[in-house]
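**Student:** okay, structure incoming, though there's no sequence with it:
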């Protein structure tokens, strides 16, 4: 493979990787920090993308729509966690296998509901910058990838800062380590988990907008992102928010290289393959706590 | 007389923390062996290494002359090493009877006939005063009953060495006496006992030999009278 | 002993009834739909051996179904192997895949195991999509061989074959459940460390259960290509199979062999009715919602619910006396 092709694949991989990090950061909070088997996270992401597309029908720019949806998704997250806690955690136990089956059911229902509402056809974003590109020497970068890259970077870094600098953020990290100690300090662990889950879900609204900007969407897309998102979260090490960006870039580059060298039909297996590899070889991830 | 269990320079590290450092001792058939030591001194880690739940990082363990250092836990159970867990770990969704049946069925060195199995399970449960609970799911037992079930299951494997990790914690004085009596009875039938206990009265009354662990090493060894009088043990326990 | 006789007599009677039905019933659609319902009995029963008894949730059942279907189809294309041998080969290959999944349980539990099964499904689908011998993404047409003597159509023959597979699958699951294997699996589902310390070889048992589970689910998919005369990746690797394989036992009840059978008969039949009368999307939406309702409100499934009612009525009768 010629060197410039590899170089281009690397650049594209880094851009893609930041996008994957943005898609996964919510899961990193919900699953990595809170230990909730949130297998429905990718489905909510696709739901977010469809809401953004729907708002696009009224002439709203995808990014603006994503921001508008943040409070809605935050509330949705609160509601989901309340329900989950009431059913599975309230008696002192953990969700365990039932929680897993529950979220699997939620993911499936979201996907089918999307099919019923929007049909199985692919949908694309409506915006001026879709389809345009900027040239750097011989290389042409699609603007949509650059936008996704920039917003993803901001989203991931902002969440990282929020979790390490603010009081609520630190409380969320503390609840992951030791709920009892937190309760002794006078903070309500359930309330904090509820907040964290709300934030995780809210990030799906923005990430969903990016998903729509990066490429066409379809209801079944969530399944592919189960592999990608869990790959990033596990590779980063559970609960390691700052590792998310690095892990996302590793996945993005790997996918991009496979795409250029072997072909697009093998790309979907990259995330899942890497995930299996990490799970069996080093389950604590690269930056594990 | 050759030893039944030989623990030779067993070490175990967790990350950088040395939980056990070159611990050695030998047990003869039929002994009543007590292990004392403060929390975090490595008692349970040592039992995990003997039972096979953990493999040591160094040293070796021989049982009945054979090297079992890298033998998995389920094989050790079949060879005759049984243990109870410090925090009871019942099979919550199985009935009390099935909890015992699993142990009989899997740990037996020879296959049991259905009738033999029923009789054995009934005898063990009666001895542990759990006969009235046979059909109840183990998850609904009280703490005291769970400790008894823990012991009943271990007995059902028909062990040669029985490791008891704080089976008397949380029992009333009368219950401790009752439990001690049962364990003495098991011992007189030829089962070697290793007992970890915080209740000093019980362990000193029970044991024929005691070791004291501190920070992963054996600091004292001997008959109960010498252990009680030992300088380092007094320092650890009385802070004197 | 009397239980065993009753069970096997019942199984044999059902098989005879299936054969008789092929002579008595005129409507070909009955067999077309009945085949699907029976196929789900096999799939759900297979899933439950690992998911219900051992407590390891498989989200990638479609992969086993598809591996069974493609093994049979590829072998048929290569050698025109008779159906019985195709099914056997499908069970062996899907069982081997189950063995691999079983070995994964050494390190992966709970959600990690579940995600690993999703990963295996997607990777295998990608492999088949790129496998030109079986037609890649376009799929391939399979023309069934001659209808065996005594059957008026190939569909009727397949219906009887699937009825046989269903009886075999349930018999295998029932054996696992009531024997020492089932007791060991339930013990390790509750607590693996404790089970191991009592002599239960947990890894061996889990691998055994995963192999049996995989083989049964592969068997469910084996006659697929013959059934539709066509096979392509997206329909056999369909998420619906993975969801249904889990939903049917959960709704019926995962503790006993009867649970998956009840769940499969119920969901399978309602699928056949809803798909024809309303739409197939609405049917799968209903499956998802019912699954959630049961996970939340009745984790013991229909079997657990009826057992609870039964015990309560006994208690009430005792109280009255």
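**Tutor:** Thanks, I have the structure now. What you see is a predicted model; the values in this text were computed from it and never measured.

**Student:** run a quick neighbour tally on residue B:202.
**Tutor:** Number of residues near residue B:202 (other Cβ atoms under 10 Å in any protein chain shown) recorded here: 21. No exception for glycine: its C-beta is placed from N, CA and C like everyone else's.

**Student:** cool, residue A:205 as well?
**Tutor:** Each residue near residue A:205 was counted by other Cβ under 10 Å, and the total is 28.

**Student:** now residue B:131
**Tutor:** Burial of residue B:131, expressed as a neighbour count using other Cβ under 10 Å, amounts to 14.

**Student:** please name the nearest non-neighbouring residue to it.
**Tutor:** For residue B:131, the nearest residue in space outside its immediate sequence neighbours is residue B:125; the separation is 5.1 Å by Cβ to Cβ, 6 or more residues apart in numbering or on different chains.

**Student:** read off the pLDDT value for the one you found.
**Tutor:** pLDDT, the model's per-residue confidence, is 91 for residue B:125.

**Student:** please apply the same query to residue C:144.
**Tutor:** Residue-level confidence at residue C:144 comes out at 77, pLDDT.

**Student:** now swap in the one 5 residues further on and tell me
**Tutor:** What the model reports for residue C:149 is a pLDDT of 83.

**Student:** what kind of secondary structure is it in?
**Tutor:** Under DSSP: H, G, I helix; E, B strand; the rest coil, residue C:149 falls in the coil class.

**Student:** strands along the chain, start to end?
**Tutor:** Using chain A here. Taking DSSP state E, the strands of chain A run over residues A:133-136, A:139-142.

**Student:** that's the other chain; I wanted chain C
**Tutor:** Across chain C, reading from the start of the chain, the strands by DSSP E fall at C:140-141, C:230-231.

**Student:** ok so, going back, which other residues reach the helix or strand hosting the residue nearest to residue B:131?
**Tutor:** Taking DSSP states H and E as the definition, one finds residue B:125 inside helix B:114-127. Where contact means Cβ atoms under 8 Å, 6 or more residues apart in numbering or on different chains, the residues beyond helix B:114-127 that reach it are B:96-97, B:100-101, B:104-105, B:112, B:131, B:133-134, B:152, B:155-156, B:182.

**Student:** so of the strands of chain C, which one's packed in deepest?
**Tutor:** By mean neighbour count, with neighbours taken as mean count of other Cβ atoms under 10 Å in any protein chain shown, strand C:230-231 ranks first of these at a mean of 20.

**Student:** who does that strand pair up with?
**Tutor:** strand C:140-141 (antiparallel) (DSSP bridges).

**Student:** touching chain C at all, stretch A:250-270?
**Tutor:** Yes - on the criterion Cβ under 8 Å from any Cβ of the partner chain, stretch A:250-270 is in touch with chain C at A:265, A:266, A:268, A:269.

**Student:** what residues of that stretch count as buried?
**Tutor:** Of the residues in stretch A:250-270, those scored as buried under the neighbour-count criterion (16 or more other Cβ atoms under 10 Å in any protein chain shown) are A:250-260, A:266-270.

**Student:** residues touching residue C:222, list them.
**Tutor:** Residues touching residue C:222, when contacts are defined by Cβ under 8 Å, 6+ apart, comprise C:68, C:69, C:71, C:72, C:86, C:87, C:90, C:91.

**Student:** ranking by neighbours, what's the top pick from those residues?
**Tutor:** Taking other Cβ under 10 Å to define a neighbour, the member of the contacts of residue C:222 with the most is residue C:68, carrying 35 neighbours.

**Student:** so that one sits against residue C:95, correct?
**Tutor:** No - here residue C:68 does not reach residue C:95: they are 9.7 Å apart, not a contact under Cβ atoms under 8 Å.
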